[in-house]
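**Student:** Pasting the sequence and the predicted model now:
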Amino acid sequence: MPRLILVRHGQSQWNLENRFTGWWDVDLTAKGEEEARAAGALLKAKGMLPTLAFTSLQTRAIRTLHLALEAAGRVWIPETKDWRLNERHYGGLTGLDKAETAAKHGDEQVKIWRRSFDIPPPVLEDGSAFDLKADPRYAGIAIPSTESLKDTIARVLPYYEAAIAPALKAGEVVLVAAHGNSLRALVKHLSGISDADITGLEIPTGQPIVYELDDTLTALERYYLSER
Ligand SMILES: O=C(O)[C@@H](CO)OP(=O)(O)O
C-alpha cells in the first residue's frame with residue numbers, strides 16, 4: 001500500500017525569534033538540527049524507510065531532509081527540490097515580530113493573516129529588504145507578493161498530483177520535508193479537511209506524519225510516527 005511521510009522542518013532561527021518567515025531563507029537552530037536528526041532516527045527505528053524524497057528550495061527544509069536521511073541511513077535516495085513546496089509567502093509581514101504585529105494590529109487580525117483560509121497578508125512592497133527577485137534560485141519563477149493558504153494550495157496540489165502522486169502509485173515510500181503551511185495544504189487535501197476546519201490545524205516541527213493510502217491514494221490512516 002502506498003505510504004507518504006510528511007515532516008515539517010525543525011525549529012528555524014525565526015521560529016525561535018517569533019518572526020513571520022514565509023519565503024525568507026532562514027536556517028535551522030541547533031535545536032532544529034536535533035529535531036531533524038531525531039525524525040530520521042525515528043524513521044529508522046520504526047523501519048519506515050523512505051525510497052524517494054521531495055523538499056522545497058528553502059534551506060531549513062532541505063537541511064532537515066538531509067539531517068533526517070543521514071540519521072536514517074538513507075542519504076543515497078533520490079531527492080527533488082521544488083519551489084511549489086515552499087512555505088506560503090508572508091508578503092509584507094515577512095521579517096516582522098509576530099507579537100509586536102499583534103500588539104499593533106490586534107490578535108484577531110494577526111490570526112486572520114496567519115490562519116484564515118483565503119485572506120492573504122498585505123503584499124510585500126517593491127524595494128523591500130525581503131524582495132527575492134534577485135535570488136538565483138527563483139530565476140524564471142513568478143514570485144508571489146503574498147499568499148493565503150488557498151493560494152498556497154493552488155501551487156502545492158498540482159505539484160503533488162504531477163510529481164508525488166505518480167511516485168506513490170509506482171510503489172515509492174515518499175518523504176516530503178517542507179513547511180507548516182505547504183504541509184497544511186497537503187493534509188487538507190489528503191484528509192478532506194474543510195476550509196473552515198483547516199484554520200485549527202497546526203503541524204509541529206520535526207514530527208513525521210505518516211499517511212497509509214489505498215491504491216487510488218485515498219487516505220486510510222494518518223498518524224504521528226512517534227505515537228506508534
Ligand atoms: O512564519 C512562517 O512562515 C510560518 C511558519 O513558521 O508561521 P505561521 O505559524 O504564522 O504560519
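**Tutor:** Okay, I see it. Residues are numbered from 1 along each chain as shown.
**Student:** So which residues of the protein form strands?
**Tutor:** Remark: strands assigned in the chain by DSSP state E are 3-8, 52-55, 79-81, 173-178, 209-213, 219-224.
**Student:** So which residue is smack in the middle of the chain?
**Tutor:** Nearest to the mean C-alpha position of the chain, by C-alpha atoms, centre = their mean, lies His179 at 1.8 Å.
**Student:** thinking again about what came up before, hey, which of the strands of the chain is tucked in deepest?
**Tutor:** strand 173-178 (a mean of 26; mean count of other C-beta atoms under 10 Å). Just so you know, the C-beta spots here come from the backbone N, C-alpha and C atoms, and that holds for glycine as well.
**Student:** Each with direction, which strands does it pair with?
**Tutor:** strand 3-8 (parallel), strand 52-55 (parallel) (DSSP bridges).
**Student:** Looking at the strands of the chain, which is nearest to the ligand?
**Tutor:** strand 3-8 (8.5 Å; C-beta to the nearest ligand atom).
**Student:** picking up where we left off before, which residues does the residue nearest to the centre of the chain contact?
**Tutor:** Arg8, His9, Ser56, Gln58, Arg60, Ala61, Leu85, Asn86, Glu87, Arg88 (C-beta atoms under 8 Å, 6 or more residues apart in numbering).
**Student:** Of these, which belong to helices?
**Tutor:** Among these, the members found in helices (DSSP state H) are Arg60, Ala61.
**Student:** Drop anything exposed from the contacts of His179.
**Tutor:** Arg8, His9, Ser56, Gln58, Arg60, Ala61, Leu85, Asn86, Glu87, Arg88 (16 or more other C-beta atoms under 10 Å).
**Student:** just these that are near the ligand?
**Tutor:** Glu87 (C-beta under 6 Å from any ligand atom).
**Student:** Going along the chain, name the helices of the protein.
**Tutor:** 13-17, 30-45, 59-72, 98-105, 107-115, 149-159, 165-169, 180-191.
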